[in-house]
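Novice: here is a sequence together with a model predicted from it:
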Amino acid sequence: MARRSLTFRIIALSSVWIGLALIATASLLWYYYHDHIMKHYDAHAFMHLEEMVAASQLSPDGKLLLKSDPSDPRFDILESGWYWEIRHHDEVLASSHSLGGKTLDLRGLPIMEGIRVYEITGPGQQTLRVQTMKIAAGPPGGHLLMVVTAPLVGIREDVIDIAEHMLISFFVLGIGLVLAVVLQVRVALKPLHAFSKGISDIREGRSDRLREDFPKEVQPLANELNNLLEHNAVLLKRARNQLGDLAHSIKNPLTVINNEARHLEEAQRTLVLSETRDIAKSVDHYLSRARASGADSVLGARANMRTVAEDLAFALGRIYKHRDLEIDTSGLCDCSFRGEAQDLEEMLGNLMDNACKWANSKVYLHCKPLSNRCLLMVDDDGPGIPEDQIDRVIERGHRLDESIQGHGLGLGIVMDILALYDGKLSFGRSEYGGLSAQLDLPGG
């Protein structure tokens, strides 16, 4: 899931790029410093070469006259790697005290005119950086070879020391840059998180539209979504109004036909009433489906169960006032139905109406939140239903007791609405002795 996060992608890609850039920069700096330190050592050795040239003189009989030794004290430390020699026809005429009487092995080196730089293995198996200078001296055709060395280990130690400092510095810089990227991404994507939370608030019913203070890059999207929400709400309201008008326009003529049919002969009256009753059932069925269709996809639809239940309890209390029924809603906690309030009224109203018809004296309502779902229970203290009859209860138009007034459509309508919300209806024995109807609904 992390790979699908825009924040993760930006931070990961930026971190990789920062790492590669720092590695490339560190490599270049290391190369430049290594080249600089090599040139620094070469310049130091060349200075001693010039010092030796200025102090050296070859007599006509081939003897070296050296006015002074090179001034660097490292030439006096035994096997320091800092050595110098003055040669004449491969004969060492003078050398530094650091050689301890040994000579440098220059065999195989192409000694040429001018200044040349080589690498050799010296005393103690040290790798040395050698500078040579061949100058004319003594009788015509004679020359002296000036040799100065510096230990490569000194160069490596300098380079390793600066590399360690660079590694720590670039590591700290890399962490700082990654943290800066994280901060920038969080600040830059904050409007998108706010946008996402706004949509979540609308879906959960805490708001009905997105706020209008997003950055200019995001605000057009928020405006379009707000327009879509308003348009959808208008269409839904218009459709429901038209459905209500359709219901009245069909049911009123059906009522007239039923009334007129009662004056017909027995056979005709039975036929007409049977057909009109089927028409009424079909109208109720399809109007209920149409009224609920699409309600589960309405963004921001949310209904408080206690509010809906108390309104229904008040209405049913007036309908069944002759029976002195008590409808107990105290078991309803702060549960919400994630859907249209009208659909909850339709489902809960049918179940409460059935419970009132069969209850002896009391109907109980309970709800239990279950993560993103909610279990709504309607219990009564009536006679209940035999277990072998429970499956027949939800059949459309089926009634277990014809003496109880109704058409048998209520639970069928409940099932139609439940299908739209991916809900479930189940029955069982109530702890109060009667039937317990349980609705599993989306909620929170």
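Specialist: The structure has been received and is ready for your questions.
Novice: K134 and F195, how far apart?
Specialist: Look at K134 and F195: by CB to CB, to the nearest Å, they are 79 Å apart. For glycine as for every other residue, the C-beta is placed from the backbone atoms N, C-alpha and C.
Novice: next one: phi and psi at the closest residue to A280 other than its chain neighbours?
Specialist: Spatially, and ignoring its direct neighbours in sequence, A280 is nearest to L254 (5.8 Å; CB to CB, 6 or more residues apart in numbering). With angles defined as degrees, to the nearest 10, L254 shows backbone torsions of phi -60, psi -40.
Novice: one more: L441?
Specialist: Dihedral angles phi and psi of L441 (degrees, to the nearest 10) take the values phi -130, psi 160.
Novice: might you report the residue contacts of the closest residue to L99 other than its chain neighbours?
Specialist: Using CB to CB, 6+ apart and skipping residues adjacent in sequence, the residue nearest L99 is Y83, 5.2 Å away. Y83 is in contact with 75, 95-96, 98-99, 104, 122-123, 128, 147-149, counting by CB atoms under 8 Å, 6 or more residues apart in numbering.
Novice: any idea how far the strand or helix carrying A26 is from the chain center?
Specialist: Following DSSP states H and E, one finds A26 within helix 6-55. Relative to the centre of its chain, helix 6-55 is centred 39 Å away, using CA atoms, centre = their mean, to the nearest Å.
Novice: who does that helix touch, helix- and strand-wise?
Specialist: If contacts are counted by 3 or more CB pairs under 8 Å, 6 or more residues apart in numbering; DSSP states H and E, helix 6-55 sits against strand 83-88, strand 114-121, strand 127-136, strand 143-151, helix 152-203.
Novice: sorry, back to before: specify the beta-bridge partners of the residue nearest to L99.
Specialist: Taking DSSP bridges as the rule, Y83 bridges to T149.
Novice: where does the stretch 151-300 of the chain dip in pLDDT?
Specialist: Segments of the stretch 151-300 of the chain classed as low confidence (criterion: pLDDT under 70) are 204-205, 244, 248, 285-300.
Novice: same thing with the stretch 301-444 of the chain?
Specialist: In the prediction, the stretch 301-444 of the chain carries residues with pLDDT under 70 at positions 301, 388-410, 444.
Novice: what are the boundaries of the helices in it?
Specialist: For the stretch 301-444 of the chain, the helices defined by DSSP state H, counting those that start in this stretch cover 305-319, 341-358, 390-393, 410-420.
Novice: just name the most buried of those.
Specialist: When these are scored by mean count of other CB atoms under 10 Å, the highest mean neighbour count falls to helix 341-358 (a mean of 22).
Novice: chain center to that helix: distance?
Specialist: Averaging C-alpha coordinates over helix 341-358 and over its chain gives two centres that are 42 Å apart (CA atoms, centre = their mean).
Novice: do stretch 208-223 as well
Specialist: Going by CA atoms, centre = their mean, the spacing between the C-alpha centre of stretch 208-223 and its chain's C-alpha centre is 22 Å.
Novice: how long is that stretch end to end?
Specialist: For stretch 208-223, the first-to-last residue distance is 13 Å (CA to CA, to the nearest Å).
Novice: before we move on, what about stretch 203-217?
Specialist: For stretch 203-217, the first and last residues are 23 Å from each other (CA to CA).
Novice: distance of D72 relative to R129?
Specialist: From D72 over to R129 the distance is 15 Å, taken as CB to CB.
Novice: A45 too?
Specialist: From A45 over to R129 the distance is 7 Å, taken as CB to CB.
Novice: repeat that for G331.
Specialist: According to CB to CB, G331 and R129 sit 92 Å apart.
Novice: looking at the two, which is more packed in?
Specialist: A direct count of neighbours by other CB atoms under 10 Å for G331 and R129 places R129 higher, at 20 against 14.
Novice: quick one: average pLDDT of stretch 124-143?
Specialist: Averaged across stretch 124-143, the pLDDT comes to 83.
Novice: G19 contacts G174, correct?
Specialist: Yes - taking CB atoms under 8 Å as the contact criterion, G19 and G174 are neighbours in contact, 6.5 Å apart.
Novice: what comes up buried for stretch 219-227?
Specialist: 219, 222, 225-226 (16 or more other CB atoms under 10 Å).
Novice: now swap in stretch 198-214 and tell me
Specialist: Under the neighbour-count criterion of 16+ other CB under 10 Å, stretch 198-214 has 198-199, 201-202, 205, 209-210, 214 buried.
Novice: I'd like these laid out as CSV, including distance to G154.
Specialist: What follows is the buried residues of stretch 198-214, written out as CSV (distance: CB to CB, whole Å):
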residue, distance to G154
G198, 66
I199, 66
D201, 69
I202, 71
G205, 76
R209, 74
L210, 68
F214, 62
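Novice: just those residues now: which is nearest V185?
Specialist: The closest of those to V185 turns out to be F214 (CB to CB; 17.3 Å).
Novice: sorry, back to before: and the two most separated of the buried residues of stretch 198-214?
Specialist: Checking the buried residues of stretch 198-214 against each other with CB to CB, the farthest-apart pair comes out as G205 and F214, at 21.4 Å.
Novice: for stretch 229-239, C-alpha coordinates in CSV please.
Specialist: Coordinates of the C-alpha atoms in stretch 229-239 are reproduced here as CSV (Å, rounded to 0.1, in the frame of the first residue of the first chain):
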residue,chain,number,x,y,z
LEU,A,229,-23.1,17.2,-5.1
GLU,A,230,-25.7,20.0,-5.4
HIS,A,231,-26.8,18.7,-8.8
ASN,A,232,-27.1,15.1,-7.5
ALA,A,233,-29.2,16.3,-4.5
VAL,A,234,-31.5,18.3,-6.8
LEU,A,235,-31.9,15.3,-9.1
LEU,A,236,-32.6,13.0,-6.2
LYS,A,237,-35.2,15.4,-4.7
ARG,A,238,-36.9,15.9,-8.1
ALA,A,239,-37.0,12.1,-8.7
